[in-house]
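Q: here is a sequence together with a model predicted from it:
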Amino acid sequence: MRLFVAVTLPDALRDPLAALQSDLPGPLRRTDPADAHLTLRFLGDADPDDARDALCAAVGGVDVAPFTVRLGGLGVFPDRDHIRVVWVGVREGDEALSTLAAAVERETVAAGFDGRDHAFTPHVTLARMDDARGKAGVQALLDERDPDIGSFRVEAVRLVESVLDGDGPRYRTVERVPLE
């Protein structure tokens, strides 16, 4: 199974995300707001039992109670000159998300998964850019907009299966691990 660990967003944030996506210029591949999430760790093709055990150990071994996340601001990966991903960031709750991501990283590596090859940056992907035709428009939007998407309560972390097909990814929760 192709798996990742994430915090999913509530339905109430779909419309604000979709409105922000409608302002994105150029030939971008927009993500479906119904699938919006904050990825804590991408695992790739993995045994779901091993991933589930590592996730449960990570959440159980860290002192993070339910908390609030506020989404806002815009950013890109890898940088403004070479845009591949356009995202909305986290204005509140980033410390708790980083703590969870570090615990998930620690436990998944201990379980034999490869380590993360980049720093953790909490974000919700809005769109992907396949070529540079929309770059100037995205750069202008970064300079002009500072959106506030809204907030939500994080009460659990999920192990999610990602199935890729011609219509884009489909996601299914494999395990929900509540924060205590």
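A: Cool, the structure landed.
Q: what sits up against the biggest helix by length in the chain?
A: Here the longest helix in the chain is taken by residue count, with DSSP state H as the criterion, and it is helix 94-110. Helix 94-110 has contacts (C-beta atoms under 8 Å, 6 or more residues apart in numbering) with 5, 7, 38, 40-41, 43, 51, 54-55, 57-59, 61-62, 64, 67, 69, 90, 115-116, 120, 122, 154, 157. Any C-beta I mention is one placed from the backbone N, CA and C, and that applies to glycine too.
Q: now the helix or strand that that helix is followed by: buried residues?
A: Note on helix 94-110: by DSSP states H and E, the next helix or strand toward the C-terminus is strand 123-129. Within strand 123-129, the residues scored as buried using 16 or more other C-beta atoms under 10 Å are 123-127, 129.
Q: which helices and strands does strand 123-129 pack with?
A: helix 14-22, strand 28-30, strand 37-45, strand 82-92 (3 or more C-beta pairs under 8 Å, 6 or more residues apart in numbering; DSSP states H and E).
Q: dump these to CSV, plus mean neighbour count and distance to Val174.
A: Conversion of these to CSV gives the following (neighbours: other C-beta atoms under 10 Å; distance: least, C-beta to C-beta, whole Å):
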stretch, mean neighbour count, distance to Val174
helix 14-22, 16, 22
strand 28-30, 16, 25
strand 37-45, 18, 11
strand 82-92, 18, 24
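Q: out of the ones you listed, nearest to Leu164?
A: The stretch from those with the least distance to Leu164 (C-beta to C-beta) is strand 37-45; that distance is 11.4 Å.
Q: now do that closest one against helix 94-110, angle only.
A: For strand 37-45 and helix 94-110, the angle between their directions (axes from the mean of the first three to the mean of the last three C-alpha atoms, to 10 degrees) works out to 10 degrees.
Q: which residues sit against strand 37-45?
A: Under the contact criterion C-beta under 8 Å, 6+ apart, strand 37-45 has outside partners 1-9, 51, 69, 90, 97, 100-101, 104-105, 108, 113-114, 116, 120, 122-124, 157, 160, 171.
Q: could you redo the last one with a cut-off of 6 Å?
A: Under the contact criterion C-beta atoms under 6 Å, 6 or more residues apart in numbering, strand 37-45 has outside partners 2-8, 51, 100-101, 104, 113, 122.
Q: picking up where we left off before, which of the contacts of helix 94-110 are buried?
A: Judged by neighbour count, with 16+ other C-beta under 10 Å as the criterion, the buried members of the contacts of helix 94-110 are 5, 7, 38, 40-41, 43, 51, 54-55, 57-59, 62, 64, 67, 69, 90, 120, 122, 154, 157.
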